[in-house]
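Participant: Need coordinates for the following:
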Amino acid sequence: MSAKRSIDATLAALADPDRRRAIELLGQRPRRAGELADALKLPAPAMSRHLRALKASGLVEETHPEFDARVRIYALKDGAMADLKKWLADTERMWADQLASFKAHVERKRK
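Facilitator: Numbering: from 1, shown residues only. Predicted coordinates for the structure are as follows:
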């Protein structure tokens, strides 16, 4: 997936407050879908749709414990937000440069 598509997918997935809260919970530790649904007070089908969107965006991965392949454990995917973090840093740097240039311009005009 290209960096732009990755950023678009990440932002689309994070646009929903329930998905953002699921990401926060998964940041604490991996969890089963039922645990997430209970914590978010969502019905199982809604949680399933949110997890499908998070997996499709590449933010979350699903594993199965050895003792029971029917159980699904969801966890944050390492490095999934790298493209978004780089884009944010680049954008912040661009704004800082623009504001510094504007400040210098205003200060020159005052003299």
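Participant: Quick one: list the elements packing against the lengthiest helix in the chain.
Facilitator: In the chain, assigned by DSSP state H, the helix with the most residues is helix 82-110. Applying 3 or more C-beta pairs under 8 Å, 6 or more residues apart in numbering; DSSP states H and E, one finds that helix 82-110 contacts helix 3-14. Quick note: C-beta positions are derived from backbone N, CA and C, even for glycine.
Participant: Can you give the distance of whichever helix or strand comes after the helix it packs on from its chain's centre?
Facilitator: Per DSSP states H and E, the first helix or strand lying C-terminal to helix 3-14 is helix 17-28. What separates the centre of helix 17-28 from the centre of its chain is 9 Å, taken as C-alpha atoms, centre = their mean, to the nearest Å.
Participant: Same question for helix 17-28: list its buried residues.
Facilitator: Neighbour counts over helix 17-28 (16 or more other C-beta atoms under 10 Å) mark 18-19, 22-23, 25-26 as buried.
Participant: okay, the angle between that helix and helix 3-14?
Facilitator: Going by axes from the mean of the first three to the mean of the last three C-alpha atoms, to 10 degrees, helix 17-28 is angled at 100 degrees with respect to helix 3-14.
Participant: Off-centre distance for stretch 32-51?
Facilitator: Mean-position distance between stretch 32-51 and its chain equals 17 Å (C-alpha atoms, centre = their mean).
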